[in-house]
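Novice: Below is the sequence, then the predicted model.
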Amino acid sequence: MNLKYVIAGLLLVSTVFSLSVNIPNQFQTVQEGQIASFDVMVSNSGQPVNVLITTDSELSVALSEPLFHLNTNETKNVTLLAMTNGLGKGVYVINLNINGQDYNVGVNVEKQSPVLSFTPIYNDLTVTQGQYQDLKFILRNNGKERVRNIVIEGNLPETFNAKYPAPIDLEGNAVKEVTIRINVPQDYPVDDYEYTVKAGAGNQITTAPVYLRVEGLTSLKDRLDAKVLLPWESIKDEGKTIGYKVTFRIRNREIYDINDVNWVFTNLPKNWKIEGNDSFSVKGYATKDIALSVYPTNFNEQVVNVSFVKNNETITTKKLEFAGNKIGFTGSGLVIGGGSTFWGIILLVAIALALFYVRNQNSLNEEEEEKKTNEYLKELVEKTNKKKRK
């Protein structure tokens, strides 16, 4: 044993009670492979003294100064480092002996969390034969440093033509949504499948499961619903109507997405202009409104058939009818904006207003009330017929 340690030990007997020890954060939690650091503050209130610190633990420990001298009213801060490499999960105790007095500190070692985590947003996905689906994941950097060139890949079938993203750089403590688009062939077997997608950079690799159900093709007529909303908005230029904005409400009745639905127009007069008729997709159980801008070359009566088509299958067809200088939807044979039906509606409204007028004439007697009601109704009908003749 070194002579200076022996001399220090002899001096401990008379000086031990003049020392005080303070160790903040005596119990620490770290991940496996990390270093636990403790501050051991030793103060001397008595005569100058040499201080000796020894340790006993199954952890690998190191002291910044195991032997030092303290003058009267002097304090010394000694750093204790505990290495946790190669240790399993558990609580470890470090015994400290300072000039004959025992002290303890504890280290809770947890299993190291991966720097990268990769989690699917949806645990289970369904896709129909001949359809595409987006697989979505959350990529997280749990560390403090940037991770470069994170590669996303998996064991998805080649026939899915999976579109993986380019390598990703992710800052410390950052999160990014990752999308992989797959295209399932029309003849791919109907079944439940499990695949694996991984994200990795160097020795940092994490995986995520993909549970996919492939369903057979069903008629889109049973899955997609479309209707035309009324009224339609006029498109004007300098106060003059030059076209109409026709809104379709599209609803997907099923849980899986319907993609790449196209518009087909029949009986569309030459030189008429249509805008907003791009192909569209509808998420599972979702409803979306799509507005078409229609610019006729004239406002003569004209029926235009609008069909929704996918993979050569016509899902549904709606009829748009131009009547005079108005436009309408003829799904039930009703023409909005022209014909006798329009004036019939006006007449019904007039009669309703007349009845409302009659009921509020409480001060009239029955004979006067009946006479005035008949005159009022006759006047309304004559006005309506004059407008109709015009």
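Specialist: All right, it came through fine. Residues are numbered from 1 along each chain as shown.
Novice: Tell me which stretches of the stretch 1-150 of the chain form strands.
Specialist: With DSSP state E, counting those that start in this stretch, the ranges of strands along the stretch 1-150 of the chain come out as 19-22, 27-31, 35-44, 49-56, 60-63, 67-70, 74-83, 90-98, 101-110, 116-120, 124-128, 132-141, 147-154.
Novice: tell me which strands and helices the fifth one is in contact with?
Specialist: Secondary-structure packing of strand 60-63 (3 or more Cβ pairs under 8 Å, 6 or more residues apart in numbering; DSSP states H and E): strand 49-56, strand 74-83. Where C-beta positions appear, they are placed from N, C-alpha and C, glycine not excepted.
Novice: quick one: buried residues of that strand?
Specialist: Along strand 60-63, these residues count as buried under the neighbour rule (16 or more other Cβ atoms under 10 Å): 61, 63.
Novice: Please apply the same query to the last one.
Specialist: By 16+ other Cβ under 10 Å, the buried positions in strand 147-154 come out as 147, 150, 152, 154.
Novice: which secondary structure elements does it contact?
Specialist: Taking 3+ Cβ pairs under 8 Å, 6+ apart as the contact cut, strand 147-154 packs with strand 132-141, strand 168-170, strand 175-183, strand 191-201.
Novice: hmm, try it at 7 Å
Specialist: Judged by 3 or more Cβ pairs under 7 Å, 6 or more residues apart in numbering; DSSP states H and E, the packing partners of strand 147-154 are strand 168-170, strand 191-201.
Novice: same check, this time on the second one
Specialist: Contact here means 3+ Cβ pairs under 7 Å, 6+ apart; on that basis strand 27-31 packs against strand 101-110.
Novice: circling back: in a markdown table, list the buried residues of strand 147-154 along with distance to Ile121 and pLDDT.
Specialist: Formatted as a markdown table, the buried residues of strand 147-154 follow (distance: Cβ to Cβ, whole Å; pLDDT from 0 to 100):
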| residue | distance to Ile121 | pLDDT |
| --- | --- | --- |
| Val147 | 21 | 92 |
| Ile150 | 17 | 95 |
| Ile152 | 14 | 97 |
| Gly154 | 15 | 95 |
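Novice: circling back to that earlier point, among the helices and strands packed on strand 60-63, which is nearest Arg249?
Specialist: strand 74-83 (65.7 Å; Cβ to Cβ).
Novice: Could you tell me which strands the closest one is paired with, and in which direction each runs?
Specialist: Strand pairing for strand 74-83, using DSSP bridges, gives strand 35-44 (antiparallel), strand 60-63 (antiparallel).
Novice: Point out where the protein drops to low pLDDT.
Specialist: 1-17, 112-113, 323-390 (pLDDT under 70).
Novice: Next secondary structure after the helix or strand where Lys288 lies?
Specialist: Element membership of Lys288 [criterion: DSSP states H and E] is strand 287-295. Per DSSP H and E, the first helix or strand lying C-terminal to strand 287-295 is strand 302-310.
Novice: tell me the angle the helix or strand just after that following strand makes with strand 302-310.
Specialist: Next helix or strand after strand 302-310 toward the C-terminus (DSSP H and E): strand 313-323. Here strand 313-323 points in a direction 160 degrees away from that of strand 302-310 (axes from the mean of the first three to the mean of the last three Cα atoms, to 10 degrees).
Novice: Please work out how many residues are found near the closest residue to Pro48 other than its chain neighbours.
Specialist: Distance criterion Cβ to Cβ, 6 or more residues apart in numbering; nearest residue to Pro48, sequence neighbours excluded, is Asn71 at 4.9 Å. Neighbourhood size, Asn71 [other Cβ atoms under 10 Å]: 10.
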